[in-house]
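In: missing the sequence, but the structure's below:
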C-alpha cells in the first residue's frame, strides 16, 4: 500500500511537487483579484458619492418654494440610477474577489489526452466496426434460424 505513496512521502518534508501534484498560491490569487476589483470599487464609490450629491440636491429642491416637482422627480430618478450602478459595480467587484476561493480539483500539470487521428482514420475505424457488427448479426441470424426461432419485426 505504501508503494503508491513513495513519491509523496519523499517530497513531503520539503513540501515539493511532482507532476501529479499541484499547489495554489492563495496570496497571489487574492492580490490579482484585488487588482482586478479595485477599479470597479473605485467606480462604485464615485457613483455612491454622486448619488449622495443628488440626494442633497433633492433635499434642497424640496425646500424651495414654489416646488419644482419635475426637477425633484428627475433628481430622484438620477439617484436611483446612480445607486443601482454603484451596487452593480460593487457586486461585480465582490464576485471577482470571491472567485479566489472557487477552486477546482483539476491538476494544471496534467497532460491532456489528445486524439490526433484524422477524420479519414476515424471513418475507417467506424467502417471496420460496422463490418464487425454486420458479421455478428449474420452469425446471430444463422444461429437463430438453425434453432428454428421465428422473429417478427
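Out: Looks like it came in fine. Please read these numbers as outputs of a predicted model, since none were measured by experiment.
In: so the closest residue to residue 79 other than its chain neighbours versus residue 61, what's the distance?
Out: Sequence neighbours aside, residue 54 is the residue nearest to residue 79 in space, at 4.7 Å (criterion: Cβ to Cβ, 6 or more residues apart in numbering). Heads up, the C-betas are built off the backbone N, CA and C, glycines and all. In this view, residue 54 and residue 61 are 10 Å apart by Cβ to Cβ, to the nearest Å.
In: the helix or strand harbouring the residue nearest to residue 79 - contacts with which helices or strands?
Out: Taking DSSP states H and E as the criterion, residue 54 maps to helix 26-63. Packed against helix 26-63 by the contact rule (3 or more Cβ pairs under 8 Å, 6 or more residues apart in numbering; DSSP states H and E) you find helix 69-98.
In: pLDDT on the helix it packs on, on average?
Out: Averaging pLDDT along helix 69-98 gives 96.
In: now for it, which elements pack on it?
Out: Using 3+ Cβ pairs under 8 Å, 6+ apart, helix 69-98 sits against helix 26-63.
In: returning to that earlier point: so what pLDDT did the residue nearest to residue 79 get?
Out: pLDDT, residue 54: 95.
In: who's in contact with it?
Out: 75, 78, 79, 82 (Cβ atoms under 8 Å, 6 or more residues apart in numbering).
In: pick the one among the residues you listed closest to residue 115.
Out: Relative to residue 115, the closest of these is residue 82; by Cβ to Cβ it sits at 53.3 Å.
In: so how far is residue 94 from that closest one?
Out: Residue 82 is 19 Å from residue 94, by Cβ to Cβ.
In: now residue 136
Out: From residue 136 over to residue 94 (counting by Cβ to Cβ), the distance is 59 Å.
In: more neighbours, the two?
Out: residue 94 (14 against 10; other Cβ atoms under 10 Å).
In: for the more buried one, which non-adjacent residue is closest in space?
Out: Nearest one to residue 94, counting by Cβ to Cβ, 6+ apart, is residue 37 at 7.6 Å.
In: and what of residue 41?
Out: residue 93 (4.8 Å).
In: what residues does the one you found make contact with?
Out: Taking Cβ under 8 Å, 6+ apart as the test, what residue 93 contacts is 37, 38, 40, 41, 44.
In: who's in contact with the first one?
Out: Translated: residue 37. With contact taken as Cβ under 8 Å, 6+ apart, residue 37 is in contact with 92, 93, 94, 96, 97.
In: domain parsing for the chain?
Out: Here the domain parsing of the chain from automatic domain parsing is 22-101, 116-153.
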